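Student: Attaching a predicted model along with its sequence, questions to come.
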Amino acid sequence: MQGNKTEMAHFAALAKSWWNPRGPQRILHKMNNMRMDFINSTLGPSITDPNQNTSKLTVLDIGCGGGLLSESLARRHYVQSVLGIDVTPEVLAVANSHKLVDPKLTNLKYELRSVMDLESVKQSAEKPTFDIVTMFEVLEHLDDPKEALKLAMSKSSQYVFLSTINRTLAAYISTIALGEYVLNIVPPGTHTWSKYINATELESYVLGSGVNSESIWDVEKLQGCIYLPGTGWVRFDDQSNYSTK
Ligand SMILES: C[S@@+](CC[C@H](N)C(=O)[O-])C[C@H]1O[C@@H](n2cnc3c(N)ncnc32)[C@H](O)[C@@H]1O
């Protein structure tokens with residue numbers, strides 16, 4: 001299974017302006033600092049403080065788009081390597097050319113691939129899994145998010161970080177009515193409200209028997225966030241857009 005074809009066409013159309021901080025992906029740009037803070041605070045100083053930790057982690061970034069998060073992660077001292085995968089060739093081409101702007105990003109690679117086709121993806125011949133798997137703003141574009149989550153979790157040995165959009169009226173108004181039709185930030189049809197996933201559903205996917213058959217996974221942190229025009233992204237503690245092991 002791939003992402004929905006119409007939605008994918010919208011991502012292809014957004015590719016050229018992906019790295020413009022004032023362009024259609026500006027909300028993702030603003031979200032990037034917040035999600036890096038979330039990842040760093042969840043990992044904690046035993047991993048993120050260079051005075052406490054010198055070992056490095058491998059990362060698989062699923063649905064990496066133009067590479068906003070992949071690049072940020074690849075620059076962290078605690079990250080050994082990042083593999084970004086995405087199903088849209090146009091955004092991956094942008095990710096590959098933007099990476100060349102920073103010659104230090106030799107630890108970052110991209111591959112054209114769907115999350116549903118992760119079987120043969122390995123960190124190395126000896127190690128089939130990655131220390132961290134990330135999947136931000138991808139689940140809400142998939143036909144079978146539960147299966148995608150299962151596959152993503154099967155590729156992680158330690159953490160899965162992800163975000164998605166709650167199926168609430170507030171999310172409909174902000175992401176579809178305003179974002180697509182009133183403010184025209186992204187093309188109409190980029191999102192499908194019925195595919196949005198509530199925090200409780202996400203939690204049940206992670207903990208449910210179909211995904212978590214050996215009960216090795218737990219939800220460590222679940223946090224909500226909302227974008228307020230004029231203020232930016234604000235995090236709050238109940239309800240979610242985030243889930244980790
Ligand atoms: C909203 S963008 C998020 C990009 C990036 N994760 C970020 O947050 O900066 C969603 C991305 O998911 C990708 N995508 C959709 N379906 C996918 C699939 N089945 N496998 C891999 N990537 C997919 C799209 O091509 C698009 O680049």
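Tutor: Nice, thanks for sending it over.
Student: what sits against Met31?
Tutor: Residues near Met31 by CB atoms under 8 Å, 6 or more residues apart in numbering: 136-137, 163, 225, 227, 233. C-beta here means a position set from N, CA and C on the backbone, and glycine is covered the same way.
Student: what's the helix or strand for it?
Tutor: Assigned by DSSP states H and E, Met31 belongs to helix 26-43.
Student: and that helix, C-alpha only, in PDB?
Tutor: Included here for helix 26-43 are C-alpha records, laid out as PDB according to Å, rounded to 0.1, in the frame of the first residue of the first chain:
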ATOM      1  CA  ARG A  26       5.900  27.200   7.200                       C
ATOM      2  CA  ILE A  27       3.800  25.400   9.900                       C
ATOM      3  CA  LEU A  28       6.100  22.300   9.600                       C
ATOM      4  CA  HIS A  29       9.200  24.600   9.800                       C
ATOM      5  CA  LYS A  30       7.800  26.100  13.000                       C
ATOM      6  CA  MET A  31       7.000  22.700  14.300                       C
ATOM      7  CA  ASN A  32      10.500  21.400  13.800                       C
ATOM      8  CA  ASN A  33      12.000  23.200  16.900                       C
ATOM      9  CA  MET A  34       9.200  22.000  19.100                       C
ATOM     10  CA  ARG A  35       9.500  18.400  18.000                       C
ATOM     11  CA  MET A  36      13.300  18.400  18.400                       C
ATOM     12  CA  ASP A  37      12.700  19.800  22.000                       C
ATOM     13  CA  PHE A  38      10.300  16.900  22.500                       C
ATOM     14  CA  ILE A  39      12.700  14.300  21.300                       C
ATOM     15  CA  ASN A  40      15.600  15.700  23.300                       C
ATOM     16  CA  SER A  41      13.600  16.000  26.500                       C
ATOM     17  CA  THR A  42      12.300  12.500  26.100                       C
ATOM     18  CA  LEU A  43      15.700  11.000  25.500                       C
END
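Student: Does the ligand have contacts with that helix?
Tutor: Yes: Helix 26-43 reaches the ligand (CB under 6 Å from any ligand atom) through Leu28.
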